[in-house]
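J.: With the sequence up front, the predicted model follows.
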Amino acid sequence: MADKVAVVTGAARGIGAGVASGLAANGYRVALIGLEGDLLRSNARALGDRAMAFEADVTDRIALTSAFESIRERWGRIDAVVSNAGISNYDLLRTMSPDHFERVINVNLGGTFNTIQASFPALKESKGYFLGVASIAAAAAPPGMAAYGASKSATESICDTFRAEVVHLGIAVGVAYFGWLDTDLVKTGEGHAAFQFMRKHLPGPLRAIASVDIAVKAIVDGVERRRHRVMAPGWLRFALASRWLISGRTGRYRELMPEIERLCAEELKKRGGREKAMLTDPMRRLS
């Protein structure tokens, strides 16, 4: 175990920072990739000489590939990759900025694709493990979260495809799913009145905000056990198995949508139009 190496993207804050710390505590050498370089390097220093940091945007294929090559050159191998970097926005499809839509897709889906390709040579050598972080949003379809939900559904899909394509090489691939977590991404979202209204009117446990620690523990355990599915809290198992009950039934939104529309319109006006609408970007400001 002392020789095993893990790479975590989006490791400056939140889930990524916690996973890097958890894997280091379990004996891994850990490479942290993300933005907010000062914070990223501080996290690495706190983990000692068994950690190092690389400031890179997962949408930058050259920088990302260079980071993976440097990790492999220094430590000789990569055994596990946690593709965690991601961002979100909140707006209705009819008014969403095309730039914001593309940015969410490029980071969440394109970043996962880039991480797969950058890490594959090393994972093939080590017969390693790749974990893509999706979300309950891959199954649910709440209004205002089209870009995020689409990106996480696609992340799930390409990770499932990647698993099928590399099983004969001894590489294991997993997908992680979480509900609302007490991260900076969700806290920023709570500053959007329509997001807050929507979340508080979701049914049952879908509205609850859980501790980041449950996600960190689930991912660390998933890496150790090379799990195909990683999820927390436990009720997500039922939710993911009953997707059509969540995304297919929109009747509950019939009464909520007029208020959501009004709040979204107010938010757009307050922020000066769709090009300036909120984009919660944990890679640059939050993760």
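T.: Right, received. Where do you want to start? Numbers count the residues shown, from 1 in each chain.

J.: alpha carbons only for contacts and neighbour counts from here, please
T.: Fine.

J.: what about the helices in this protein?
T.: According to DSSP state H, the chain carries its helices in the segments 14-25, 37-46, 61-75, 98-105, 111-126, 146-166, 184-189, 193-200, 212-225, 236-241, 243-247, 257-271.

J.: Tell me which of those helices sits most buried.
T.: Ranked by mean neighbour count, these are led by helix 14-25 with a mean of 23 (mean count of other Cα atoms under 10 Å).

J.: May I see the helices of the chain arranged in a markdown table, with distance to N89 and mean pLDDT as well?
T.: Shown next, in a markdown table, are the helices of the chain (distance: least, Cα to Cα, whole Å; pLDDT from 0 to 100):
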| stretch | distance to N89 | mean pLDDT |
| --- | --- | --- |
| helix 14-25 | 17 | 96 |
| helix 37-46 | 23 | 96 |
| helix 61-75 | 23 | 97 |
| helix 98-105 | 7 | 95 |
| helix 111-126 | 16 | 98 |
| helix 146-166 | 7 | 95 |
| helix 184-189 | 8 | 64 |
| helix 193-200 | 10 | 75 |
| helix 212-225 | 20 | 96 |
| helix 236-241 | 23 | 76 |
| helix 243-247 | 19 | 59 |
| helix 257-271 | 12 | 85 |
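
J.: nearest to D3, of those?
T.: Nearest to D3, of all these, is helix 61-75, at 8.4 Å by Cα to Cα.

J.: now for the closest one, which elements pack on it?
T.: Applying 3 or more Cα pairs under 8 Å, 6 or more residues apart in numbering; DSSP states H and E, we find helix 61-75 packed against helix 111-126.

J.: would JSON lines of the helices of the chain with distance to E55 be doable?
T.: Shown next, in JSON lines, are the helices of the chain (distance: least, Cα to Cα, whole Å):
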{"stretch": "helix 14-25", "distance to E55": "14"}
{"stretch": "helix 37-46", "distance to E55": "5"}
{"stretch": "helix 61-75", "distance to E55": "8"}
{"stretch": "helix 98-105", "distance to E55": "19"}
{"stretch": "helix 111-126", "distance to E55": "14"}
{"stretch": "helix 146-166", "distance to E55": "23"}
{"stretch": "helix 184-189", "distance to E55": "19"}
{"stretch": "helix 193-200", "distance to E55": "31"}
{"stretch": "helix 212-225", "distance to E55": "22"}
{"stretch": "helix 236-241", "distance to E55": "33"}
{"stretch": "helix 243-247", "distance to E55": "37"}
{"stretch": "helix 257-271", "distance to E55": "30"}
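
J.: closest one to V5 among the ones you listed?
T.: Proximity to V5 (Cα to Cα) singles out helix 61-75 among these, at 7.5 Å.
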